[in-house]
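K.L.:
what's the 3D shape of this:
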Amino acid sequence: MSRSSRRHFAKSLAVAAAAIPLTTTDAFAQTPPQPAPPPSPLAKALTGVVRAQHGRHLSEDELKRIEKDFSDYLPYLDGAREFKLVNSDEPDFTFSSLTKR
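P.N.:
As a prediction, the model looks like this:
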């Protein structure tokens with residue numbers, strides 16, 4: 001079993017650190033920001049519900065941020081909706097209240 005010295009190990013780290021910028025020249029290049037996609041109809045409808053219930057307490061900027069949040073999270077909700085449960089799927093526990101009957 002060959003042992004390497006600390007000096008050899010430090011040299012190999014220095015060479016590796018120097019080689020990283022040479023291999024990833026485009027990794028840190030700045031790209032122009034992409035325009036935000038338009039909100040989906042469902043996000044607009046949900047924002048309308050929020051506007052109807054709480055619009056008097058929210059500014060237009062806050063409502064735009066809420067609409068963007070709805071638009072960003074809808075794909076995750078669609079994925080959860082596509083996950084099918086079978087009849088044998090059940091919780092790990094059974095809830096029972098502490099009241100006596």
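K.L.:
When you work out contacts or count neighbours from here on, use the C-alpha atoms and nothing else.
P.N.:
Will do.
K.L.:
Residue for residue, what is the longest helix the chain has?
P.N.:
helix 60-82 (DSSP state H).
K.L.:
Now do that one: which elements does it pack against?
P.N.:
In terms of contacts (3 or more C-alpha pairs under 8 Å, 6 or more residues apart in numbering; DSSP states H and E), helix 60-82 is packed against helix 41-54.
K.L.:
between the helix it packs on and helix 60-82, how big is the angle?
P.N.:
For helix 41-54 against helix 60-82, the angle by axes from the mean of the first three to the mean of the last three C-alpha atoms, to 10 degrees is 130 degrees.
K.L.:
how about helix 41-54: buried residues?
P.N.:
Neighbour counts over helix 41-54 (16 or more other C-alpha atoms under 10 Å) mark Ala43, Lys44, Thr47, Arg51 as buried.
K.L.:
Contact partners for Pro38?
P.N.:
By C-alpha atoms under 8 Å, 6 or more residues apart in numbering, the contact set of Pro38 is empty.
K.L.:
one step back: need the contact partners of the longest helix of the chain.
P.N.:
With C-alpha under 8 Å, 6+ apart, helix 60-82 has contacts from Pro39, Ser40, Ala43, Lys44, Leu46, Thr47, Arg51.
K.L.:
re earlier: mind putting the buried residues of helix 41-54 in CSV, distance to Asp78 included?
P.N.:
Below are the buried residues of helix 41-54 laid out as CSV (distance: C-alpha to C-alpha, whole Å):
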residue, distance to Asp78
Ala43, 13
Lys44, 16
Thr47, 18
Arg51, 23
